[in-house]
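J.: sequence first, predicted model second:
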Amino acid sequence: MAVENVPQGCWVPLNKLVEIKLFKCSECEEIPMFGQLPNLKSLWLEGLRNLKAINSSFYGLVNEGTGIIFQALERLVLVEMPKLTKWAEVDSEGASDVQVFPNLQHLEISQCKQLMSFPNHTGSSIKSLIIMETGSMPLTCILKTKLKLLTELCLEGIDDLEYLPDWLLRNNPNLLELRIRMCSNLRELPDGLGTLNSLEKLIIRDCPNLERVADIGAQQSQGSLACLKILEICECKALMYLPCEMAEVQMEARQFKRFAEEKMAHDQEKVLALEDLLYKREEIIPSLTCEIQASQLRCILLNGELPFSSAT
């Protein structure tokens, strides 16, 4: 990868780049050959509102000597590309067994509602997957890689998402955080949810057609959801079934919240009382000072002394 220096007509190598962010480049219509950068670890593309396709040129030149593309990339973020409809596969006709994104750990795709064509090589190394305000096509293609290392999964604003595959939860025992928001057609969460022994945070919000959350009773002997610290289920008006284990957690959370609110209210009363005392103290001190000075003056006068001695 290089940038042409027009005045001098030379090329400047950029092989040491580890991070690139293109932000609000609204007239950009094509992504450069970032796949050629051997040390690139983070690529953030946001606000490329005129971009319609990520073509195969994005991966760079591929030939028989090409073994790995984006070999160091760990973080890839695509945000706010309303015209993006296609993300092409790598053109590997001139090479065999080409690896793409072998070390990708964080993938985020947000506000790309028109994206209907997606590559199948996003890699099984992903630990953090965030899909927001985008159709279900990218998620469907990503899931073909059979992810097994997820620690974070966030799905938001995917209107055509109805179900999550059961294997997705069963195959990711190290999942720590699961957030699902504004998926208007989501009907249920699979029973595999009960196998997430490491899950610490589960948030489900604004899923109006969600009717059922996993039957996790069968997995209780395995300590399912034993690590769960935060459980939030809000604005799921069609929800008809909630496992009793979750209901207990919800109840405990509500009780703790009530206790915390009462404690805060009590502490607030103490703070207000303290502030009142401090305010009164500020009022009393000046008047006490005046009284003390007046008393001192009276004592001096009674003793026949002048309050001020004249210099001789």
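T.: Thanks, I have the structure now. Since the structure is predicted, the reported quantities are computational estimates derived from the model, not experimental observations.
J.: pLDDT weak spots in the stretch 51-200 of the chain?
T.: Applying pLDDT under 70 to the stretch 51-200 of the chain flags residues 63-66, 92-96, 122-123.
J.: kindly recompute the last result at 80.
T.: 61-67, 91-97, 120-123 (pLDDT under 80).
J.: show me the helices in it, by range?
T.: 137-143, 166-170 (DSSP state H, counting those that start in this stretch).
J.: of all the ones you listed, which one is nearest residue 239?
T.: With distances scored as C-beta to C-beta, the stretch of the helices of the stretch 51-200 of the chain nearest to residue 239 is helix 166-170 (18.3 Å). Glycine gets a C-beta too; all of them are placed from N, C-alpha and C.
J.: may I have that closest one as CSV, with CA atoms only?
T.: Extracted in CSV, the C-alpha atoms of helix 166-170 (Å, rounded to 0.1, in the frame of the first residue of the first chain):
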residue,chain,number,x,y,z
ASP,A,166,-29.4,-23.0,18.9
TRP,A,167,-25.9,-24.1,18.0
LEU,A,168,-24.6,-20.5,18.1
LEU,A,169,-25.2,-20.4,21.9
ARG,A,170,-24.2,-24.0,22.6
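J.: next one: that helix to chain centre, how far?
T.: 21 Å (C-alpha atoms, centre = their mean, to the nearest Å).
J.: name the residues that touch that helix?
T.: With C-beta atoms under 8 Å, 6 or more residues apart in numbering as the test, helix 166-170 has contacts from 143, 146-147, 175, 190-193, 195-196.
J.: please flag which of those sit within strands.
T.: Among the contacts of helix 166-170, the subset assigned to strands under DSSP state E is empty.
J.: circling back: how about TSV for the helices of the stretch 51-200 of the chain, with mean neighbour count and distance to residue 267 added?
T.: Below are the helices of the stretch 51-200 of the chain laid out as TSV (neighbours: other C-beta atoms under 10 Å; distance: least, C-beta to C-beta, whole Å):
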stretch	mean neighbour count	distance to residue 267
helix 137-143	18	45
helix 166-170	17	41
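J.: among the ones you listed, single out whichever gets nearest to residue 298.
T.: Across the helices of the stretch 51-200 of the chain, residue 298 has its closest neighbour in helix 166-170 (85.6 Å, C-beta to C-beta).
J.: which outside residues touch stretch 143-150?
T.: 120-129, 165, 167-168, 171-172, 174-175.
J.: quick one: buried residues of it?
T.: 143, 147, 150 (16 or more other C-beta atoms under 10 Å).
J.: would residue 298 count as being in a strand?
T.: No. Under DSSP: H, G, I helix; E, B strand; the rest coil, residue 298 sits outside any strand and is assigned helix.
J.: which residue is the nearest non-sequential neighbour of residue 186?
T.: Spatial nearest neighbour of residue 186, chain neighbours left out: residue 207 (4.8 Å); criterion: C-beta to C-beta, 6 or more residues apart in numbering.
J.: so that neighbour touches residue 183, yeah?
T.: Yes. The criterion here is C-beta atoms under 8 Å, and residue 207 meets it with residue 183 at 5.3 Å.
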